[in-house]
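Visitor: below are the sequence and a predicted model for it; my questions follow.
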Amino acid sequence: MVKTHTAIALPELPYARSALEPYMSRETLDFHYGKHHKAYVDKVNTLIAGTEFADASLEELVAEADGTLFNNAAQVWNHDFFWNCLSPRRQTPGKELTRALDKVGGLESLQAQFDEAAVNLFGSGWVWLVKNSAGGFKVVTSANADTPARDGHTALLTCDVWEHAYYIDHRNDRGDYLKNFWELVNWEFVGANLES
Ligand SMILES: [Fe+2]
């Protein structure tokens, strides 16, 4: 029987492209989601066609692929996760999450660590809040396409600090992008990741 190749899909955004305004513009979503994210998805599908990875899931690709295929698959995973970290509905962390955050110095201190890591990350990459092996929190950065999903960490929250994420709305001002990012964080999603 001929194996049918299940393409890696560009997931629907969980909100309209204009829904994150004024903190993130529709134009940014048009480019970041509609062009950059889509390009990673298309590249993965081109690279896996007719190979041993043709039927692999995105998670399998991130865990097992190397080189260009890993880079593109990890960027798909990272972006899928990133869009879910944002919400047009303004939120604050729920009770459980607040209790957990208080154990590590509270939300403000964690945000300060996250911002510092984001602003100081040289070049392109990602800032993450992850659950460490002891169930606590850790702020980590990853360069280019690297992802904590590969290291067995549970990702709770991420911010894409590639220039393509903020250049339209904030030009070179990564700090200003971060300020707007915090207005959009989907704390319900972060809390659900913590429980997982
Ligand atoms: Fe991106």
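Guide: Yes, it's here.
Visitor: quick check: phi and psi on residue 73?
Guide: Here is the backbone geometry of residue 73 (degrees, to the nearest 10): phi -70, psi -40.
Visitor: tell me who's in contact with it.
Guide: 8, 40, 44, 58, 61, 62, 65 (CB atoms under 8 Å, 6 or more residues apart in numbering). To be clear about C-beta, it is placed using only N, CA and C from the backbone, and glycine gets the same treatment.
Visitor: measure the third one to residue 61 for me?
Guide: Look at residue 44 and residue 61: by CB to CB, to the nearest Å, they are 7 Å apart.
Visitor: without its sequence neighbours, what residue ends up closest to whichever residue of the chain sits closest to the ion?
Guide: Per CB to the ion, residue 160 is where the chain lies closest to the ion, at 4.1 Å. Nearest in space to residue 160, with sequence neighbours left out and distances taken as CB to CB, 6 or more residues apart in numbering, is residue 82 at 5.1 Å.
Visitor: list the buried residues of the strand or helix carrying that neighbour.
Guide: Here residue 82, judged by DSSP states H and E, is contained in helix 67-84. For helix 67-84, the neighbour count (16 or more other CB atoms under 10 Å) marks 69-84 as buried.
Visitor: thought residue 164 was touching residue 31?
Guide: Yes - counting by CB atoms under 8 Å, residue 164 touches residue 31, with 6.9 Å between them.
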